[in-house]
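Colleague: Curious how this folds, go ahead:
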Amino acid sequence: MNDTSYRCSAPTAPSAQPPGRGGLAGLALGLTALVALGGCTSTTPNYDARFGEAVRQNRLAMTVNPDAGSNPDNASGLDGASAHEAMNRYQSSFKTPPPVINVINLGGSGSSNSGSGR
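Modeller: Numbers count the residues shown, from 1 in each chain. Coordinates of the predicted model:
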C-alpha cells in the first residue's frame, strides 16, 4: 500500500502565472488596456480652460451694482417701518398656504352650462 494515498492536504489556491509566460495573449491584453485608457484623456483643453465662464458672465450681468457693499448710503425707496411690515407679511405668507382654486371645472357644481343640448 502506498502511504501517499492517505495524506490529507488543504486545498491551495491556484498560483498566478509567473511573469514572462503571457506571450501574445498578455501583449494583446496590455495593448487593449492602453487603447481603452487612451479614451479617458481630455480632448477638450479649450473647453476646460473656460469652464463656468458663461455662468460668471450671467451673474455679473444680473448684478446692478457690484460695489454696493462698500457704499455707506442707506437704501432708498422704503422707510424702516414699511420695510419691516413688508418682510413680516412676506414671511407670514408661508405659514398658511393660499387656498387651492380649481381652475378647470368640467361639469361639476357651479357650472353655468347644464349640457341639456336645447
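Colleague: quick one: low-confidence ranges for the chain?
Modeller: Residues of the chain meeting the criterion pLDDT under 70: 1-22, 41-46, 74-75, 108-118.
Colleague: rerun that using 80 as the cut-off
Modeller: Applying pLDDT under 80 to the chain flags residues 1-23, 35-49, 69, 72-77, 96-98, 102, 105-118.
Colleague: Run through the helices of it in chain order.
Modeller: Ranges of helices in the chain, per DSSP state H, are 23-38, 45-49, 53-62, 80-92.
Colleague: Reformat those helices as JSON lines; add distance to N71 and mean neighbour count.
Modeller: Backbone N, C-alpha and C define where each C-beta goes, glycine included. As requested, the helices of the chain are exported to JSON lines (distance: least, Cβ to Cβ, whole Å; neighbours: other Cβ atoms under 10 Å):
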{"stretch": "helix 23-38", "distance to N71": "55", "mean neighbour count": "10"}
{"stretch": "helix 45-49", "distance to N71": "35", "mean neighbour count": "8"}
{"stretch": "helix 53-62", "distance to N71": "18", "mean neighbour count": "9"}
{"stretch": "helix 80-92", "distance to N71": "18", "mean neighbour count": "10"}
